[in-house]
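Visitor: Sequence and computational prediction follow.
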Amino acid sequence: MSKENKVKIFLVDDDVVFLKLLEIEFLENGDFFIETYVSGEQCVENLANKPDIIILDYLLDGVDKNAMNGLDTLDQIKSIDPEIPVIILSAQDKIEVAVNCMHHKATDYVVKSETAFVRLKKIITDTLQYKKLKKQLNWYMERM
């Protein structure tokens, strides 16, 4: 499949080992084009590359303690393009954190675990299907 037809995913995580493992999982198990970033700043700087979806770490403080955290990055992304789906990925297994992320307009929240990739893939499939249906509905509504 050509690069233009693949789903473009931004993976953003300050844990470079986890980031590489996640990238490998996506590349081996689907038609994805992956861009990886170790900071929220890098992700925001590259939004012109038009990702279909962003998977964003919640903390993002491993490389630079003064870096933007995941929520700040999420807010920046949504202020630039509110239509980009952003899934927050975190080791934080607290309902308050997940709810807070949803208040910041995250598409979903996934806890880092052995099953995280399976959940992410399902969420991506569902999210992209929803976007497609929404686009089709808007097209039909404009013609009425």
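Guide: That came through fine.

Visitor: how about the helices of this structure, start to end?
Guide: Taking DSSP state H, the helices of the chain run over residues 16-28, 40-45, 70-80, 95-103, 116-142.

Visitor: for stretch 100-112, what is the average pLDDT?
Guide: Average pLDDT, stretch 100-112: 96.

Visitor: ok, back up a step: figure out which of the helices of the chain is closest to V86.
Guide: helix 70-80 (5.5 Å; C-beta to C-beta). The way it works is simple: take the backbone N, C-alpha and C, and place the C-beta from them, glycine included.

Visitor: follow-up on the earlier one: tabulate the helices of the chain in a markdown table, adding columns for mean neighbour count and distance to F10.
Guide: Formatted as a markdown table, those follow (neighbours: other C-beta atoms under 10 Å; distance: least, C-beta to C-beta, whole Å):
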| stretch | mean neighbour count | distance to F10 |
| --- | --- | --- |
| helix 16-28 | 15 | 11 |
| helix 40-45 | 19 | 6 |
| helix 70-80 | 18 | 9 |
| helix 95-103 | 14 | 17 |
| helix 116-142 | 13 | 12 |
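
Visitor: Turn those into CSV, including distance to N5.
Guide: Shown next, in CSV, are those (distance: least, C-beta to C-beta, whole Å):
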stretch, distance to N5
helix 16-28, 15
helix 40-45, 23
helix 70-80, 24
helix 95-103, 30
helix 116-142, 13
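
Visitor: List of residues touching stretch 74-90?
Guide: 13, 40, 43-44, 47, 51-59, 68, 70, 97-98, 101, 104-112, 116, 120, 123-124, 127, 131 (C-beta atoms under 8 Å, 6 or more residues apart in numbering).

Visitor: Can you give the distance from stretch 98-115 to the centre of its chain?
Guide: The chain centroid and the centroid of stretch 98-115 are separated by 10 Å, computed with C-alpha atoms, centre = their mean, to the nearest Å.

Visitor: Can you list the neighbours in contact with it?
Guide: 18, 53, 58, 70-71, 74-75, 78, 82, 85-93, 97, 116, 119-120, 123, 127.

Visitor: Restricting to C-alpha, output that stretch in PDB.
Guide: The C-alpha trace of stretch 98-115 is given here as PDB (Å, rounded to 0.1, in the frame of the first residue of the first chain):
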ATOM      1  CA  ALA A  98      -8.600   9.500  32.600                       C
ATOM      2  CA  VAL A  99     -11.600  11.800  33.300                       C
ATOM      3  CA  ASN A 100      -9.300  14.900  33.300                       C
ATOM      4  CA  CYS A 101      -7.900  13.900  29.900                       C
ATOM      5  CA  MET A 102     -11.400  13.500  28.500                       C
ATOM      6  CA  HIS A 103     -12.200  17.000  29.800                       C
ATOM      7  CA  HIS A 104      -9.300  18.200  27.700                       C
ATOM      8  CA  LYS A 105     -11.000  16.600  24.700                       C
ATOM      9  CA  ALA A 106      -8.900  13.400  24.400                       C
ATOM     10  CA  THR A 107     -10.600  10.800  22.200                       C
ATOM     11  CA  ASP A 108      -9.700   8.000  24.600                       C
ATOM     12  CA  TYR A 109      -7.400   7.000  27.400                       C
ATOM     13  CA  VAL A 110      -5.400   3.800  27.500                       C
ATOM     14  CA  VAL A 111      -3.200   2.500  30.400                       C
ATOM     15  CA  LYS A 112       0.200   1.100  29.300                       C
ATOM     16  CA  SER A 113       0.000  -2.700  29.700                       C
ATOM     17  CA  GLU A 114       0.600  -5.900  27.800                       C
ATOM     18  CA  THR A 115      -2.800  -5.300  26.000                       C
END
